[in-house]
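K.L.:
using only what follows, build the 3D model:
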Amino acid sequence: MRTLHVVLAGGGTAGHIEPALNLADALLERRPDAVVTALGTSGGLETRLVPQRGFALELIPAVPLPRKPNVDLATLPFRLRGAIREVRAILARTGADVLVGFGGYVAMPAYLGARNRVPMVVHEANARPGLANRIGARFTPYVAETVAGSLPRARLVGIPLRRGIASLDRAALRKEAATYFGLDPALPTLLVSGGSQGARRLNEAVAGAVPRLRHAGVQILHVVGPRNSDQLHDREPGYLTVPFVERMDLAYAVADLALCRAGAMTCAELAAVGLPAIYVPLPIGNGEQRLNALPVVQAGGGVLVADAELSADRVVSEVVSSITDPAGLRTAGQAARQHGATDGARLLVDMVLQAAATGVDRTESSSGGIS
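P.N.:
Predicted coordinates for the structure are as follows:
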């Protein structure tokens, strides 16, 4: 069997990188002969996350797309052309059979560089896609989405998850997880996480709520984010602050309820493991975080709290009313799990292999773009 060469374009944030790396893991399970190369930029989290997972990383210039007309917009075509040339050189050097894009800064030059040269797969994690994926989806019939209706002609596959998350049995791992974090497995536990970089607003609201939460018998595992080391506190019984967590499977296993942002990966993982959550969508961008959480909330797997309404008082009210109601938590967890999808990696691997086997469709749309 001929070696399969796959190039991934999903750099910038963990929301783009994690699905790409989870796909890579699933692809190697199916095709151990596959060679995976990730594209990234020097300033992205991929410089740490990709090597940690054992994959090759090739860097290209970052080409942020301005949201409003400014001086960067005038220089965009020149910067984009340079990045496209780099992408094409990498595709040629790696002998790429297929490029898989997940959005982010590297996706636009990757799509334009691969167009009419290498078959492409586009995966959209968010309910409302960014510009790169909206354009990339016009160049290929292989388009996957996590939320139905986010892109035209897309197939609903969900997000590729790590095997340890997709198959997690929270109840079976609870005691091990509690020991790992030094928590009490018998106490109701709140997991607080603002995503890969943390969320200062969540951190501040929770810090103000800690005394009342502890008085109510709630213990807290608080992931403040690597950029928020000033918000780390000396350990006290029942309240643990950490900059980040390597074993998110154990964090989910010890938790009864989560308080979190609503990034696509967070929503997908919480639903897949059946962990009810209080979602506080990031109030910037194009509103995709609220839309990411809305389906699982409507299914009964959590609640939405607007960022502007978040306070220590609101944290106490929402957490205590939920976490002290075991029957309600079970119902919400079951609703979340029924909504969650655990086979996204398998379905996306199927699509990638099909695209690689089919080759480039040179009759695809040629409208727009920089060549």
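K.L.:
below-threshold pLDDT in this protein: ranges please.
P.N.:
The model of the chain has pLDDT under 70 over residues 64-75, 195-198, 227-232, 234-235, 361-371.
K.L.:
got the domain boundaries for it?
P.N.:
5-161+343-358, 163-339 (automatic domain parsing).
K.L.:
just name the most buried of the ones you listed.
P.N.:
With neighbours defined as mean count of other C-beta atoms under 10 Å, those peak in mean count at domain 5-161+343-358, which reaches a mean of 21. The way it works is simple: take the backbone N, C-alpha and C, and place the C-beta from them, glycine included.
K.L.:
what about it, how long is it end to end?
P.N.:
14 Å (C-alpha to C-alpha, to the nearest Å).
K.L.:
ranges for the strands of the stretch 151-300 of the chain?
P.N.:
In the stretch 151-300 of the chain, the strands defined using DSSP state E, counting those that start in this stretch lie at 155-156, 189-193, 219-223, 239-242, 257-260, 277-279.
K.L.:
what packs against the third one?
P.N.:
Pointing back at strand 219-223 there. Counting contacts by 3 or more C-beta pairs under 8 Å, 6 or more residues apart in numbering; DSSP states H and E, strand 219-223 packs against strand 189-193, helix 200-215, strand 239-242, helix 248-254.
K.L.:
which one of the ones you listed lies closest to residue 34?
P.N.:
Proximity to residue 34 (C-beta to C-beta) singles out helix 248-254 among the helices and strands packed on strand 219-223, at 24.8 Å.
K.L.:
pull the residues that contact the closest one.
P.N.:
Residues from elsewhere that reach helix 248-254 (C-beta atoms under 8 Å, 6 or more residues apart in numbering): 162, 164-165, 168, 170, 172-174, 176-178, 180-181, 183, 185, 189, 191, 193, 221, 223, 245, 258, 269-270, 273, 275.
K.L.:
nearest residue to residue 23 other than its sequence neighbours?
P.N.:
residue 160 (4.5 Å; C-beta to C-beta, 6 or more residues apart in numbering).
K.L.:
separation between that neighbour and residue 352?
P.N.:
Computed as C-beta to C-beta, to the nearest Å, the residue 160 to residue 352 distance reads 10 Å.
K.L.:
also residue 269?
P.N.:
21 Å.
K.L.:
next: residue 299.
P.N.:
29 Å.
K.L.:
kindly report the same for residue 117.
P.N.:
From residue 117 over to residue 352 the distance is 17 Å, taken as C-beta to C-beta.
K.L.:
again with residue 319
P.N.:
From residue 319 to residue 352 the distance is 41 Å (C-beta to C-beta).
K.L.:
please apply the same query to residue 61.
P.N.:
For residue 61 relative to residue 352 (C-beta to C-beta), the value is 26 Å.
K.L.:
next one: residue 126
P.N.:
20 Å.
K.L.:
and if you look at residue 127?
P.N.:
Distance of residue 127 to residue 352, given as C-beta to C-beta: 23 Å.
K.L.:
list residues touching both of residue 160 and residue 352?
P.N.:
Applying C-beta under 8 Å, 6+ apart, one finds that residue 160 and residue 352 are jointly contacted by residue 23.
K.L.:
mind listing residues that contact the longest helix seen in the chain?
P.N.:
In the chain, with assignment by DSSP state H, the single longest helix is helix 71-94. Here helix 71-94 makes contact (C-beta under 8 Å, 6+ apart) with 5, 7, 35, 37, 39, 58, 60-61, 63-66, 96, 99, 108-110, 112-114, 117-118, 370.
K.L.:
tell me which residues touch residue 43, please.
P.N.:
Counted by C-beta under 8 Å, 6+ apart, residue 43 has contacts residue 62.
K.L.:
torsion angles phi and psi at the closest residue in space to residue 358 that isn't next to it in sequence?
P.N.:
Leaving out its chain neighbours, the residue that sits closest to residue 358 by C-beta to C-beta, 6+ apart is residue 119, at 6.4 Å. Per-residue torsions, residue 119: phi -60, psi 150 (degrees, to the nearest 10).
K.L.:
quick one, what contacts residue 119?
P.N.:
97-99, 140, 142, 355-356, 358-361.
K.L.:
make it 7 Å
P.N.:
98, 140, 355-356, 358-360 (C-beta atoms under 7 Å, 6 or more residues apart in numbering).
K.L.:
hmm, who's touching stretch 174-193?
P.N.:
202, 206, 213, 217-223, 240, 247, 250-251, 253-260, 319, 323-324.
K.L.:
chain center to it, what's the gap?
P.N.:
23 Å (C-alpha atoms, centre = their mean, to the nearest Å).
K.L.:
export it as CSV, just CAs?
P.N.:
The C-alpha coordinates for stretch 174-193 follow below in CSV (Å, rounded to 0.1, in the frame of the first residue of the first chain):
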residue,chain,number,x,y,z
ARG,A,174,-14.1,9.3,39.5
LYS,A,175,-12.1,7.9,42.4
GLU,A,176,-8.9,7.8,40.3
ALA,A,177,-9.5,11.4,39.2
ALA,A,178,-10.1,12.6,42.7
THR,A,179,-6.9,11.1,43.8
TYR,A,180,-5.0,12.6,40.9
PHE,A,181,-6.2,16.1,41.8
GLY,A,182,-6.2,15.6,45.6
LEU,A,183,-10.0,16.1,45.8
ASP,A,184,-12.7,14.3,47.7
PRO,A,185,-14.7,11.9,45.5
ALA,A,186,-17.7,12.2,47.8
LEU,A,187,-18.2,16.0,47.4
PRO,A,188,-20.0,17.7,44.6
THR,A,189,-17.3,19.2,42.3
LEU,A,190,-17.4,22.2,40.0
LEU,A,191,-14.9,22.3,37.1
VAL,A,192,-14.1,25.9,36.0
SER,A,193,-12.3,26.3,32.7
